[in-house]
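Novice: sequence plus the predicted model coming up.
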Amino acid sequence: MDTSIYTLTTPELTVRITNFGARVLSCIYQEVDCLYGPKTLEELAEDTCYCGSICGRVANRIAGGSFELDGATYELAVNNGPNHLHGGLKGFSDMPWTVEEATDTRLVMSLVSPDGDENYPGTVTVRAIYTVEGRRLTLEMEGSTDAPTLLNLTNHAYWNLTGSGTVDTHCLQVLATAYTPMVANIPTGYIAPVEGTLYDLRRPASLGERNAADAISGGYDDNYVLPATPGVKLAAVLTNGRRTLRVLTDAPGMQVYTGDYLPLKRGGVALEAQNYPDSPHHPHFPSIVLRPGERYARTIAWEID
């Protein structure tokens, strides 16, 4: 299947998206590209950091690369130390999606993941709908299955509102009162308050100052527990003093990753709206099980001013 780049435009915003991995390559506002990562299909072939992509079937990590569902055990690829990450060796981020509709303000793509794909059960069909309106880019993701399976999608864009350099000059606010503490990148299962910790981002904090602290010296790569209110709500605010990005979503969690392992260390910050990491091993976490007859739906919106 051919892969191409599509451009969505408004008077305020120009967004370039490819159907390879349903990736957002550029988001240009005030003549500044606010996304870190490859800009061409040739550069994209070398990317190993999921830049701008939709990750699945299961975004984030599954400990030990295995899970149980309805009494059966499924062994997945381990591609992040001992863990399964972002769908495996060839997840949704590295597949060509079928373009169903392309206009100046809307791009609709779909993907069919067959039963046994990366050893996940069930045939899953997903759709991604990107739209632009004013200064807002919105992504709606839908999914269905013909057999019980897992599904947890996110967009993995790395934001840099300066357009170059690092995000150490940025301030980040995450509207979450709790997070899921981790050991070796896997949640312990506890849901802990952010108050009194370096993970407290309820007020804007300098990423450079926080990342310089001993406890965060390896950068943020942590899941925040968003308010359990229904519908799409403001989840995070990123600013560099000149431009401000607001992230809105109906997801229960947000992984904040400050890009310490990017080719340019901290060249961008990923604000991944999704379900909690390693959900299959923590029954009290929001479930990522999808069954026949159910509809998966997730919305993420980014607004820049």
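Specialist: Received, thanks.

Novice: who's in contact with Ile191?
Specialist: Ala178, Tyr179, Thr180, Val225 (Cβ atoms under 8 Å, 6 or more residues apart in numbering). For every residue, glycine as well, the C-beta is placed using N, CA and C.

Novice: quick one, phi/psi of it?
Specialist: phi -110, psi 110 (degrees, to the nearest 10).

Novice: now render the contacts of Ile191 as JSON lines, adding pLDDT and distance to Leu107.
Specialist: Shown next, in JSON lines, are the contacts of Ile191 (pLDDT from 0 to 100; distance: Cβ to Cβ, whole Å):
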{"residue": "Ala178", "pLDDT": "98", "distance to Leu107": "35"}
{"residue": "Tyr179", "pLDDT": "98", "distance to Leu107": "33"}
{"residue": "Thr180", "pLDDT": "98", "distance to Leu107": "33"}
{"residue": "Val225", "pLDDT": "98", "distance to Leu107": "31"}
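
Novice: can you redo these as TSV with neighbour count?
Specialist: Shown next, in TSV, are the contacts of Ile191 (neighbours: other Cβ atoms under 10 Å):
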residue	neighbour count
Ala178	18
Tyr179	25
Thr180	23
Val225	21
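
Novice: now, the most widely separated pair of those?
Specialist: Greatest spacing in the contacts of Ile191, by Cβ to Cβ: Ala178 and Thr180 (7.9 Å).

Novice: common neighbours of these two, please.
Specialist: Ile191, Ala192, Val225.

Novice: out of those residues, which is nearest to Pro283?
Specialist: For the shared contacts of Ala178 and Thr180, the nearest to Pro283 is Ile191 (13.0 Å; Cβ to Cβ).

Novice: which ones are touching the closest residue to the closest one other than its chain neighbours?
Specialist: Spatial nearest neighbour of Ile191, excluding adjacent residues (Cβ to Cβ, 6 or more residues apart in numbering): Ala178 at 5.2 Å. Neighbouring residues of Ala178 by Cβ under 8 Å, 6+ apart: Ile191, Ala192, Pro193, Val194, Tyr224, Val225.

Novice: tell me the pLDDT of the fourth one.
Specialist: With respect to pLDDT, Val194 has a value of 97.

Novice: cool, and the fifth one?
Specialist: As summarised for this prediction, Tyr224 has a pLDDT of 98.

Novice: show me where the stretch 101-250 of the chain has helices.
Specialist: Shown for the stretch 101-250 of the chain, the helices assigned by DSSP state H, counting those that start in this stretch span residues 207-212.

Novice: measure Arg266 to Val126 for me?
Specialist: 31 Å (Cβ to Cβ, to the nearest Å).

Novice: my read is that Tyr224 contacts Leu172, right?
Specialist: No. Under the criterion of Cβ atoms under 8 Å, Tyr224 makes no contact with Leu172, lying 10.7 Å away.

Novice: of the shared contacts of Ala178 and Thr180, closest to Phe92?
Specialist: Among the shared contacts of Ala178 and Thr180, and counting by Cβ to Cβ, the member closest to Phe92 is Val225, at 24.7 Å.

Novice: tell me the bridge partners for that closest one.
Specialist: Ala178, Gly253 (DSSP bridges).

Novice: quick one: residues contacting it.
Specialist: Ala176, Thr177, Ala178, Tyr179, Thr180, Ile191, Pro252, Gly253, Tyr276.
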